[in-house]
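Chemist: output the structure for:
(2 chains)
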Amino acid sequence: MEHSLFSKPRDLFLDIVNPRDYVQIDSVSHMYQNLKTSVQKPLKMILLYGKPGTGKSMLLHKLHHDLSKHQKVFMIDIPIIDESDFLRVLAQKIYSYVNREAITLTDFLELASAVNYAQTPIVLLDEAQLYSTLLMEKIRLISDARALKFVITLHKTQDEDIIAKEHFQTRIWESIELKNASPEELKVYIQKKLLKANCFDVANMFNDKNIQLISKLTRGNYRDANKLMFSLFSLYAWYEEKYPSKIKYNALKTKWIEMAAIHTGLIRA
Amino acid sequence: MLDIPSLEQRWLKYKIKRSLPYLLTVVGTIIVVITLNYFLNPDKVSIPLTIKKEVNQSKEGSKTSIHDEAMVLEPSMQFIQSIPVTAPDITTPEVNTPAKPLPVTPKKILPVQKNIPSPLPIIKNVPNTIPTPPMPKLIQSNPNSIKRDSATFNIHEIEDRFTNNSNPHLGLYIARYHYDNGNYSEAYNYALKTNAINNTIEESWLIFTKSLIKLGKTDQAKKTLQLYISQSDSEEAKNLLNSLNKEGTK
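Modeler: Modelled structure (predicted):
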């Protein structure tokens, strides 16, 4: 089964955020360039927001990957909820200040003023909606002091519009919204990902009808699309082993796409 | 690891669940259409009801009940009632003609034939075998169901049927009808057509020749009779030929 035609495509869609797997899509590419330009400006805080699965984390990882070659960049992809830990980790990673005891905001700002960098260090915070209001206020003070630049990502939810909160309203200088993929973008995303790994035969199996169905099921959510593709190619690998005659290589079977969607929970059956 | 068989079952349930509203909509639409059709076209439904009523009446009523039912179901054959009782001299050979050809007639005619064994004896026995008085009563009581029967006899309808099914007995009947009504050219035509379909019916040949005589073509009638006698040895034909020859000598 591991030598199956579909095992390689299946593994491509594992839900792992890796900047090397970044797929260039026109609209996302444009936003990424905007983000890079904004980072170079003397802005204190940049916000990246959008619905879950719109590629925020991937974009942040890509930014970290690209910027870390030229300047001091630190990324916190798993939120550090404890305030003293947060400052201690920042001091250690950016200023190489090792201290097992908790440090205060004043200590941190003194440390920041003592260390001079040619370019202001950048801190990338993923899932910023998980940080407490108090910690966000401290982040604001640090950015106001121009000790650090922050690029933060957060989910745009209908229940609570975090962007509307005061500390975001007054401090954010640049905000970029990421949107769900259109069917065309989803097609480009899937096919580019397959072609990048030389899976030409499998890439050719996707027709417009298949893409429309996948887009309908995932609602343009890249994470859901990855999960669906992983299940779909697992399913194809199984059929290839057990019933190879059932596979048609000119198009994906609607039935099997729906079965994969049932498996991933996109369809409630 | 995916459990494909279980996944296939879940998919099947999902498809059934998904297509159920569409199926219900289609079935509902069909029911609505049928119901609307039922209410918008009540005439179509009323015909069988009247038949039922009539059958019930006939069950309760007189011996003519079987006749009534047959008339309603096979109204087109009621024209037999209109055959004049005073039959012409043709009746004599008709009595002798066998009723063999009758089974050839289509199924629709059969119910009538149960009551009336042959068109030919009917001409003679109409007053005796069919009790005519009850008939008009039924016709008046339920005009819708037997409207066609009470209407004046329409020979064109039978002619159409003959055109459609080329039944020689219908052809013979039409020829006889026209002959009896003095329409000799039509009688000639239909007898000729009947002979073309079946050349063994004696009566048809006789009507053919008699029509020729009435039309003043006696010589042609004689030739036809001679030809027919040579093939069939018909006594009736011989008698007719003799009478023609006698008239010719006078």
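
Chemist: any regions of chain B where pLDDT drops low?
Modeler: Where chain B drops to pLDDT under 70, the residues are B:1, B:42-153, B:248-250.

Chemist: for chain A, give me its nearest residue in it.
Modeler: As assessed by CB to the nearest CB, chain A sits closest to B:Tyr14 within chain B, at 3.6 Å. In this view, the C-beta of every residue, glycine as well, is placed from N, C-alpha and C.

Chemist: and that residue, how far from A:Ala147?
Modeler: Per CB to CB, to the nearest Å, B:Tyr14 is found 55 Å from A:Ala147.

Chemist: neighbour count for those two, which is higher?
Modeler: A:Ala147 (23 against 17; other CB atoms under 10 Å in any protein chain shown).

Chemist: before we move on, what SS does that one have?
Modeler: Under the three-state scheme (DSSP: H, G, I helix; E, B strand; the rest coil), A:Ala147 adopts coil.

Chemist: how about A:Val151?
Modeler: strand.

Chemist: ok, it - contacts?
Modeler: A:35, A:39, A:45-46, A:48, A:60, A:63, A:122-125 (CB atoms under 8 Å, 6 or more residues apart in numbering or on different chains).

Chemist: again, but for B:Lys193
Modeler: B:162, B:171.

Chemist: isn't A:Arg262 right next to B:Gln9, touching?
Modeler: That one is not Arg; residue A:262 is Ile. No: A:Ile262 sits out of contact with B:Gln9 when judged by CB atoms under 8 Å, with a separation of 10.2 Å.

Chemist: who's more crowded, the two?
Modeler: A:Ile262 (20 against 12).

Chemist: could you list the buried residues of the helix or strand that the more buried one is a member of?
Modeler: A:Ile262 belongs to helix A:254-264 when elements are defined using DSSP states H and E. By 16 or more other CB atoms under 10 Å in any protein chain shown, the buried positions in helix A:254-264 come out as A:256-264.

Chemist: quick check: which of the residues you listed are also close to chain B?
Modeler: The residues of the buried residues of helix A:254-264 that also fall near chain B, by CB under 8 Å from any CB of the partner chain, are A:258-259, A:262-263.

Chemist: which element follows the least confident helix or strand in chain A by mean pLDDT toward the C-terminus?
Modeler: Least confident helix or strand of chain A, by mean pLDDT, DSSP states H and E, is helix A:166-171 with a mean of 61. Next in sequence after helix A:166-171, counting helices and strands by DSSP H and E, comes strand A:174-178.

Chemist: pull up the pairing partners for that following strand, direction included.
Modeler: Strand pairing for strand A:174-178, using DSSP bridges, gives strand A:45-50 (parallel).

Chemist: on the three-state scheme, B:His156 is what?
Modeler: helix.

Chemist: how many residues are close by it?
Modeler: If you count neighbours by other CB under 10 Å, B:His156 ends up with 8.

Chemist: again, but for the one 5 residues further on
Modeler: B:Arg161: 17 surrounding residues under other CB under 10 Å.

Chemist: over to A:Val98?
Modeler: Other residues near A:Val98 number 8, with proximity taken as other CB under 10 Å.

Chemist: what of B:Pro168?
Modeler: For B:Pro168, the count of nearby residues is 21 (other CB under 10 Å).

Chemist: how about A:Tyr117?
Modeler: Using other CB under 10 Å, A:Tyr117 has 13 neighbouring residues.

Chemist: was I right to think it contacts A:His70?
Modeler: No: assessed by CB under 8 Å, A:Tyr117 is found out of contact with A:His70, at 11.8 Å.

Chemist: OK, now which residue of chain A is nearest to chain B?
Modeler: Of all residues in chain A, A:Ala269 sits closest to chain B, at 3.6 Å by CB to the nearest CB.

Chemist: residues contacting that residue?
Modeler: A:262, B:10-11, B:13-14, B:17.

Chemist: got phi/psi on A:Val123?
Modeler: Dihedral pair for A:Val123: phi -110, psi 130, per degrees, to the nearest 10.

Chemist: now flag whichever of the ones next to chain B among the buried residues of helix A:254-264 is closest to B:Ser232.
Modeler: A:Glu258 (81.9 Å; CB to CB).

Chemist: the closest one is in contact with B:Leu12, isn't it?
Modeler: No: the pair A:Glu258 / B:Leu12 is not scored as a contact, 10.5 Å apart, by CB under 8 Å.

Chemist: would you mark the buried spots in stretch A:192-201?
Modeler: A:193-194, A:199.

Chemist: redo these as a markdown table? Include pLDDT, secondary structure and distance to B:Asn198.
Modeler: Output for the buried residues of stretch A:192-201, formatted as a markdown table (pLDDT from 0 to 100; DSSP: H, G, I helix; E, B strand; the rest coil; distance: CB to CB, whole Å):
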| residue | pLDDT | secondary structure | distance to B:Asn198 |
| --- | --- | --- | --- |
| A:Lys193 | 92 | helix | 86 |
| A:Leu194 | 94 | helix | 82 |
| A:Cys199 | 94 | coil | 82 |
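
Chemist: show me which residues of chain B are close to chain A?
Modeler: B:2, B:4, B:7-8, B:10-11, B:13-15, B:17.

Chemist: hmm, which of these are the buried ones?
Modeler: Buried, going by 16+ other CB under 10 Å: B:4, B:7, B:10-11, B:14, out of these.

Chemist: and the two most separated of those residues?
Modeler: B:Ile4 and B:Tyr14 (14.9 Å).

Chemist: the helix or strand encompassing B:Thr29 vs helix A:254-264, what angle?
Modeler: Secondary structure assigned from DSSP H and E places B:Thr29 in helix B:4-40. Using axes from the mean of the first three to the mean of the last three CA atoms, to 10 degrees, the inter-axis angle of helix B:4-40 relative to helix A:254-264 is 110 degrees.

Chemist: what residues sit buried inside helix B:4-40?
Modeler: B:4, B:7, B:10-11, B:14.

Chemist: can you put those in a markdown table and add distance to A:Met31?
Modeler: Listed next are the buried residues of helix B:4-40 as a markdown table, based on distance: CB to CB, whole Å:
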| residue | distance to A:Met31 |
| --- | --- |
| B:Ile4 | 39 |
| B:Leu7 | 37 |
| B:Arg10 | 38 |
| B:Trp11 | 37 |
| B:Tyr14 | 37 |
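
Chemist: ok, so of those residues, who is nearest A:Phe108?
Modeler: B:Leu7 (53.4 Å).

Chemist: enumerate every residue touching the closest residue to that closest one other than its chain neighbours.
Modeler: Excluding its sequence neighbours, the residue lying closest to B:Leu7 (CB to CB, 6 or more residues apart in numbering or on different chains) is A:Met259, at 4.9 Å. Contact partners of A:Met259, counting by CB under 8 Å, 6+ apart, are A:235, B:4, B:7-8, B:10-11.

Chemist: let's see 10 Å
Modeler: A:231-232, A:235, A:253, A:267, A:269, B:2, B:4, B:7-8, B:10-12, B:14 (CB atoms under 10 Å, 6 or more residues apart in numbering or on different chains).

Chemist: let me have those in TSV, extended by distance to A:Tyr243.
Modeler: Output for these, formatted as TSV (distance: CB to CB, whole Å):
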residue	distance to A:Tyr243
A:Ser231	18
A:Leu232	16
A:Leu235	11
A:Lys253	12
A:Ile267	22
A:Ala269	22
B:Leu2	14
B:Ile4	9
B:Leu7	14
B:Glu8	11
B:Arg10	18
B:Trp11	15
B:Leu12	17
B:Tyr14	21
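
Chemist: and the next element down the chain from the helix or strand that B:Ser185 is a member of?
Modeler: Assigned by DSSP H and E, B:Ser185 falls within helix B:184-197. Using DSSP H and E, the helix or strand that follows helix B:184-197 towards the C-terminus is helix B:202-214.

Chemist: beyond that next one, next helix or strand please.
Modeler: helix B:218-232.

Chemist: on contacts alone, who are the packing partners of that following helix?
Modeler: Here helix B:218-232 touches helix B:202-214, helix B:235-249, going by 3 or more CB pairs under 10 Å, 6 or more residues apart in numbering or on different chains; DSSP states H and E.

Chemist: deepest of those helices, which one?
Modeler: helix B:202-214 (a mean of 23; mean count of other CB atoms under 10 Å in any protein chain shown).
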